[in-house]
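Visitor: Here is a sequence with its predicted model. Questions after.
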Amino acid sequence: MITDSPQLPLLGRPSTKDNDAYQVGVTLPEADREDLRKLNTKAEVRTWTLLKAEEHERLMLVYRSMHNATVLCGTLPTELLSLIFVFATATTWLGTRSRVALRLLCVCRRWREVALGCSEIWANTLDTGTFHMGEIGVNNADTDDEGEDGFGNEEDDEKQATWEEKNGRRQEYEYFLFALKLSASRQLALHISSFPQHFLSVTLPEHTSRISRMTIKITSEDVFEQLYQILKSGMPLSATR
C-alpha cells in the first residue's frame, strides 16, 4: 500500500477532502483497482493513471472508427461519397473562409482518405472564393516591447492587429498551396486579390498549363509586367479576351 500519504483516494476509506476522488475510483473495474493496490507511491499512481488514460484514448479512437464504419455515411461507396463532397465544395456562396474541404478532413478517417484522394474537391476549393494572401512576412519590429506603463499603448494595439492580419494571410496562403497540390492535374480557375512577392515568380509559373480562368488584382506596373511575362510564356487552357 502507499505509505507517503494518509488515506490515498481510490484505495481505502476516503477523508472528506478526498471523497470525490474516491467515488471516481470505486467505479473502476476490479482489475484496475487491484493494480492500484499494488502501487507504493503517489508518483507511481500518477504514472499508472496517465498510461491507462492513453490506452483508453487509443481504444476510444478504435471504437469510434468501428462505429463510423457501421453508420450510413460510413458505408457509402467511395465514388458516391466523392460525388457528395464535390457537390459540397462547389457551392460558391460559402467562399474560402468556410474551408469546407478542410472540415471534411476532420470528420473521420474514411472521410479524410476519400477527400484527400479526390482532386476535384480541391480544384473546387480554388474556384469558389477569392484568396487574400497579401504579404505574409512579419517584421521583427512588430514585436517591440510594451509601453513604459507596462500595459502597452495604441501603437502596440496597431502592431498586434497588423501581426494578426499577416498571420491570417499566411494561413490563407498555406491553404491555397495545400489545395493547389491536391488538385493534381485538374484544370484550375483562380481568383486572387492579393499575394506574396514570390507568388508570380515561383508558384504561378508551375501551374500555368492547368489554368483555364484567372482573376487577379494588379496593384503596380511591376506586377503587371511579371504577369505579362507569364501570360506570354503560355497558358494553353486560358481563353484570350
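Guide: Right, received. Where do you want to start? Residues are numbered from 1 along each chain as shown.
Visitor: From here on, just use CA atoms for contacts and neighbour counts.
Guide: Fine.
Visitor: Contacts for the helix or strand hosting residue 122 next, please.
Guide: Element membership of residue 122 [criterion: DSSP states H and E] is helix 119-127. Residues outside helix 119-127 that contact it (Cα atoms under 8 Å, 6 or more residues apart in numbering) are 85-86, 89-90, 96, 99, 101, 115, 176, 179-180, 182-191.
Visitor: Any quick PyMOL command for the buried ones out of those residues?
Guide: A single PyMOL command selects the buried members of these (16 or more other Cα atoms under 10 Å):
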select buried, resi 85+86+89+90+96+101+115+176+179+180+182+183+184+186+187+188+189+190+191
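Visitor: Can you tell me which of the contacts of helix 119-127 end up in helices?
Guide: 85, 86, 89, 96, 101, 115, 176, 179, 180, 182 (DSSP state H).
Visitor: Sketch out the low-pLDDT regions of the chain for me.
Guide: 1-25, 72-74, 92-98, 135-161, 163, 238-241 (pLDDT under 70).
Visitor: Show me how this protein divides into domains.
Guide: 19-68, 72-129, 132-241 (automatic domain parsing).
Visitor: Point out the most buried one among those.
Guide: domain 72-129 (a mean of 17; mean count of other Cα atoms under 10 Å).
Visitor: Quote the end-to-end distance of stretch 183-203.
Guide: 14 Å (Cα to Cα, to the nearest Å).
Visitor: Check the chain and tell me which residue is nearest its centre.
Guide: By Cα atoms, centre = their mean, the chain has its centre lying nearest to residue 102, at 6.8 Å.
Visitor: where's it relative to residue 171, distance?
Guide: 13 Å.
Visitor: what do you get for residue 82?
Guide: If you go by Cα to Cα, the gap between residue 82 and residue 171 works out to 26 Å.
Visitor: go on, residue 57?
Guide: For residue 57 relative to residue 171 (Cα to Cα), the value is 30 Å.
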